[in-house]
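Q: Sequence plus the predicted model coming up.
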Amino acid sequence: MTMEKWDTMSGFSKRMEYLRKGGARHLGEAMEEFLLEASYENHCASVDKRDARPMTGRERKMKHDFLQGIRRDLKSVEYLSEPLSGRNYYDSRFWFDGQDVAAALGKGDVLTILRLCLYSLPADKTREYADAILDELHSFYAMKGEEIQVVRKFGPWVLHDSLGISH
């Protein structure tokens, strides 16, 4: 399959347009082409069971710059904690409040980050990240005097339970 056909079949260009219209930063034509090619190479490696083409030096630099930009954007979110000073309530006298956080970081955006981490990480890191998220949730609810419990099923009956098969 050609990269052009992959673009059409996968909807890559349409998703890029959707993200831009949704407020994502503009990547530039070269970066978008790089991401399309990376998506195509990963698809071919997983579906066609062939090795992906090795990246050139320029492509490695683009990957580095792309990931560095994401790291910088995510670290910038921490600036919000300064004017909020840990407050989690609304007061019309405040310059910044939780409503500003909700406007800047929509629930869908936060869930996208969590999903991306949990479903894209290497298998040996997934549990570590998921447990850290659960620890944060535990602390959040504990401060409110509530408890949360996590029940993990294991063993051969997990699949049966998820399919609704009684034993």
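A: Arrived safely. Residues are numbered from 1 along each chain as shown.

Q: low pLDDT regions in this structure?
A: Per-residue confidence of the chain (counting by pLDDT under 70) places the weak regions at 86-91, 153-167.

Q: right, and the helix or strand after the host helix or strand of residue 46?
A: Using DSSP states H and E, residue 46 sits within helix 29-47. Toward the C-terminal end, the helix or strand that comes next after helix 29-47 (DSSP H and E) is helix 57-76.

Q: May I see the buried residues of that following helix?
A: By 16 or more other C-beta atoms under 10 Å, the buried positions in helix 57-76 come out as residue 62. (Glycine included, C-beta is placed from N, CA and C.)

Q: and that helix, what other elements does it pack with?
A: Based on contacts counted as 3 or more C-beta pairs under 8 Å, 6 or more residues apart in numbering; DSSP states H and E, the elements that helix 57-76 packs against are helix 29-47.

Q: From residue 112, how far off is residue 119?
A: Distance, residue 119 to residue 112, by C-beta to C-beta, to the nearest Å: 11 Å.

Q: Looking at those two, which is more packed in?
A: Neighbour count, other C-beta atoms under 10 Å: between residue 119 and residue 112, residue 112 has more, with 11 against 8.

Q: List the contacts of stretch 5-22.
A: Taking contacts as C-beta atoms under 8 Å, 6 or more residues apart in numbering, the residues outside stretch 5-22 that touch it are 1, 26-27, 32, 35-36, 39-40, 43.

Q: which of those residues tops the neighbour count?
A: Across those, neighbour numbers were computed from other C-beta under 10 Å; residue 40 holds the maximum, 21 neighbours.

Q: can you give me the helices in the protein?
A: Using DSSP state H, the helices of the chain run over residues 3-10, 12-21, 29-47, 57-76, 81-84, 98-104, 107-120, 123-143, 158-163.
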